[in-house]
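Novice: Any chance you can model this:
(one chain, ligands or ions: 1)
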Amino acid sequence: MVRLDIDCTSAVLVINGCLTVHNYGSLFSLVARTLALVEGLRVVIDVRDAMHIESTAVDMLIELVADFPAAAAHEPILILTPDEMPTCPSLAALEGLPPLVAS
Ligand SMILES: [Zn+2]
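Specialist: Residues are numbered from 1 along each chain as shown. Below you'll find the predicted structure:
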């Protein structure tokens, strides 16, 4: 779900699964560990490759990283989002199925 790319100026956490209000919180410890690991580098959270993004989760993630205790010592954490938030492929697959009918 998450890949870490490190170059000389930043550490990029690439999210490619589902980003929802139910799981965005799991990024907190990941960001904490990344900040500790890449002392002094900018941390970027890139959700542009995520399969599914809830815009509410992005808003909550922005608030989460703004409150980040270590953020003051670093450059602000940058969050990259796509222009359009993709809906869940597994939900889309369910919507394509015929309704369940009791017989
Ligand atoms: Zn999903």
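Novice: What residues does the protein have near the ion?
Specialist: Cys18, His52, Cys88 (CB under 5 Å from the ion). All C-beta spots, glycine's among them, are computed from the backbone N, C-alpha and C.
Novice: Write a ChimeraX command that selects only the buried members of those.
Specialist: In ChimeraX, selecting the buried portion of the residues of the chain next to the ion, with burial taken from 16 or more other CB atoms under 10 Å, looks like this:
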select :18,52
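Novice: For Glu39, state which of the residues of the chain next to the ion is nearest.
Specialist: Using CB to CB, Cys18 comes nearest to Glu39 of the residues of the chain next to the ion, at 30.2 Å.
Novice: give me the beta-bridge partners of that closest one?
Specialist: His52 (DSSP bridges).
Novice: wait, it sits on Val47?
Specialist: No: contact criterion CB atoms under 8 Å: Cys18 and Val47 do not qualify, at 10.3 Å.
Novice: Spit out the residues that contact those two alike.
Specialist: Ile53 (CB atoms under 8 Å, 6 or more residues apart in numbering).
Novice: hey, where'd the helices end up in the protein?
Specialist: 26-37, 55-66, 89-96 (DSSP state H).
Novice: Please name every helix or strand in contact with the first one.
Specialist: Right, the one you point to is helix 26-37. strand 2-6, strand 10-15, strand 42-46, helix 55-66 (3 or more CB pairs under 8 Å, 6 or more residues apart in numbering; DSSP states H and E).
Novice: how about 6 Å then?
Specialist: Using 3 or more CB pairs under 6 Å, 6 or more residues apart in numbering; DSSP states H and E, no helix or strand is in contact with helix 26-37.
Novice: can I get the CA coordinates of it in CSV?
Specialist: The C-alpha trace of helix 26-37 is given here as CSV (Å, rounded to 0.1, in the frame of the first residue of the first chain):
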residue,chain,number,x,y,z
SER,A,26,-2.5,4.4,10.0
LEU,A,27,-0.4,6.9,8.1
PHE,A,28,0.4,8.7,11.3
SER,A,29,2.9,6.2,12.6
LEU,A,30,4.3,5.8,9.1
VAL,A,31,4.9,9.5,8.8
ALA,A,32,6.4,9.5,12.3
ARG,A,33,8.8,6.8,11.4
THR,A,34,9.7,8.4,8.1
LEU,A,35,10.4,11.7,9.8
ALA,A,36,12.7,10.0,12.2
LEU,A,37,14.4,8.1,9.4
